[in-house]
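Student: make a model of this:
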Amino acid sequence: MERPEHEVKVEVDRRAFLMTAGAVAGVAAAAGLEGILAARRAPAFAQGTRLQLLHWADFVPAGDVELKRQTTEAGKLFGAEITVEHINANDLQPRITAAVQSGNGPDIIQMLHNWPHLYASALADVGDLAEWKGKDQGGYYDQAEAAARDGKRWLALPYHIVGAQFAYRKSWFDEVGQTTWPKTYDELRQVGMKLKKKGHPIGQTLGHTFGDAPAWSYPLLWAYGGAETDKAGHAALNSKGTVESVKFMQAFWKDACDEGGLAWDDTNNNRAFLSGEISGTLNGASIFIAAKRGSEKIKDEKGEPLWRDIQHGAHPSGPAGVAPYHVAFNHAVMKYSTNQKLAKDLLKWLHGKEQFGKWFEVEAGFSVGSTKFWETHPMWTTIDDAMKGYRTAARGSRMFGYAGPASAKATEAYSKYIITDMYAKAVQGMNAEDAVKWAAGELKKIYG
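Tutor: Numbering: from 1, shown residues only. Prediction:
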């Protein structure tokens, strides 16, 4: 199994872990999970039980390997057949919809962003788990809670957050006189112009893809003072700030970007960066991690390991400031599942400090916790300098639907890629005001 460059042992007090891990159904209260662990025997009730998880295919493949190891171990512990299916993240929502409509499918489904709000009526309550985890691990980031809680109940259990920052080629930026990451969108456009003239454009997707497109589009909108809704949740997109953000995007696209990015999904920019076709791209840390772990094969144009030339920069600032977005991941227990108790016991085990800590190390900064506890993990003291910005990346992230609350309506707007399409239409020739008017009309149909 592939492991991170810096192995860090997670020190967890065994008694504290056993006390928080919870009892498994069917086992006498006096025994609980501690008794199962001590005896190394599965609870009798679970023999022959099957449990299925549906997950995305991780951009750090070793993370999927570790999750598989953990679920195999849990299967032996709980006396159940536990399987994990990994699929492309762009295929998750169709699978979720099909499962909900048929009332049959995986017992636990990994959901991204604020998807739990859209499927709320089909999700089992996990309030006890969510409250336990928040108290046990230092409290949730605001975004993690907004994604999984509707104000009344917990719709899903926050799992982790993938921080979005710009991976960029430090030497190429230096060559055009930009020795630090640009602080503003205008500065990014200026350096991008120079880089594109040298054959090193910036790569950014405006396609219908789950992560990189909305993680670019929404912060750009917010940084210029635009917003989907007002605080009451009513459509409020058509504003001067929104129009200015679209005009910026039109100029940035032409001056600085690889214009083939309209057709990209979340994998294309990774491949383009690693092959030397682009100089920078908004992404998680997977590009750096892939380059580091594949250093024998992934080289720069000088034949040197590419990872040594990769740095990361945060979202730039616009006229209204900096407003980042990072991708929240959750575990939802489906109401149709006939094994909800076992599903919740498994999640408590996977989300506990011991098991999550092992997975967290393998992710090496690509996926950070949904709680603030993981900022204090010793891994951050040994990780490469280029990765250290991800330690606190989840702070201050907004959620879709801003300035109103996270909601099913906001998830619907995301799922239809209305904000991303507003920018895509504009860079393909639509007048900025018309692109905003179109998007505002689409949001009006959803928000009212």
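Student: quick one: the strands in this protein?
Tutor: Counting by DSSP state E, the chain has strands at residues 49-56, 80-87, 108-112, 157-162, 165-169, 202-203, 280-283, 310-313, 327-333, 367-369.
Student: please name whichever of those is nearest to G241.
Tutor: strand 280-283 (20.4 Å; Cβ to Cβ). Placement of C-beta: from N, CA and C, glycine included.
Student: what's that closest one packed up against?
Tutor: In terms of contact count using 3 or more Cβ pairs under 8 Å, 6 or more residues apart in numbering; DSSP states H and E, strand 280-283 is assigned the packing partners strand 165-169, strand 202-203, helix 212-223, helix 268-274.
Student: walk me through the domains of the protein.
Tutor: According to the domain assignment given by automatic domain parsing, the chain is divided into the following structural domains: 14-161+327-392, 165-324+416-447.
Student: what distance separates the start and the end of the last one?
Tutor: Using Cα to Cα, to the nearest Å, the end-to-end distance of domain 165-324+416-447 comes to 30 Å.
Student: can you tell me the distance between the two ends of stretch 101-119?
Tutor: 10 Å.
Student: now do the buried residues in it.
Tutor: Neighbour-count burial for stretch 101-119, with 16 or more other Cβ atoms under 10 Å as criterion, is recorded at 105-119.
Student: and for stretch 332-342?
Tutor: Within stretch 332-342, the residues scored as buried using 16+ other Cβ under 10 Å are A332, V333, M334, S337, N339, Q340, L342.
Student: tell me the contacts of the first one?
Tutor: Going back to what we said before, that points to A332. Counting by Cβ atoms under 8 Å, 6 or more residues apart in numbering, A332 touches I108, I109, Q110, M111, P116, Y119, L123, A124, V126, L155, A156, L157.
Student: go with 6 Å
Tutor: Contact analysis of A332 by Cβ atoms under 6 Å, 6 or more residues apart in numbering lists I109, M111, P116, L123, A156.
Student: make CSV from the residues you listed and add distance to R169 to it.
Tutor: Rendered in CSV, the data for the contacts of A332 read as follows (distance: Cβ to Cβ, whole Å):
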residue, distance to R169
I109, 37
M111, 34
P116, 37
L123, 43
A156, 37
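Student: of all the residues you listed, which comes closest to F288?
Tutor: Closest approach between the contacts of A332 and F288, by Cβ to Cβ: M111, at 26.1 Å.
Student: relative to S286, how far out is that closest one?
Tutor: M111 is 20 Å from S286, where distance means Cβ to Cβ, to the nearest Å.
Student: give me the most central residue, the protein.
Tutor: The geometric centre of the chain, computed from its C-alpha atoms, lies nearest to V327 (Cα atoms, centre = their mean), at 2.9 Å.
Student: these two touch, right, it and G163?
Tutor: No - judged on Cβ atoms under 6 Å, V327 makes no contact with G163 at a distance of 8.3 Å.
Student: ok, back up a step: for the helices and strands packed on strand 280-283, give me CSV that also has mean neighbour count, distance to M193 and mean pLDDT.
Tutor: As requested, the helices and strands packed on strand 280-283 are arranged in CSV below (neighbours: other Cβ atoms under 10 Å; distance: least, Cβ to Cβ, whole Å; pLDDT from 0 to 100):
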stretch, mean neighbour count, distance to M193, mean pLDDT
strand 165-169, 24, 15, 98
strand 202-203, 26, 10, 98
helix 212-223, 25, 18, 98
helix 268-274, 21, 19, 98
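Student: and the ones you listed: which comes nearest N88?
Tutor: For the helices and strands packed on strand 280-283, distance to N88 was read as Cβ to Cβ. The smallest value, 12.9 Å, belongs to helix 268-274.
Student: alpha carbons only: can I get the closest one in PDB?
Tutor: C-alpha atoms of helix 268-274 as PDB (Å, rounded to 0.1, in the frame of the first residue of the first chain):
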ATOM      1  CA  ASN A 268      -8.100  17.200 -17.500                       C
ATOM      2  CA  ASN A 269      -6.300  20.000 -15.600                       C
ATOM      3  CA  ASN A 270      -4.400  17.500 -13.500                       C
ATOM      4  CA  ARG A 271      -3.100  15.800 -16.700                       C
ATOM      5  CA  ALA A 272      -2.400  19.100 -18.400                       C
ATOM      6  CA  PHE A 273      -0.300  20.400 -15.500                       C
ATOM      7  CA  LEU A 274       1.600  17.200 -15.000                       C
END
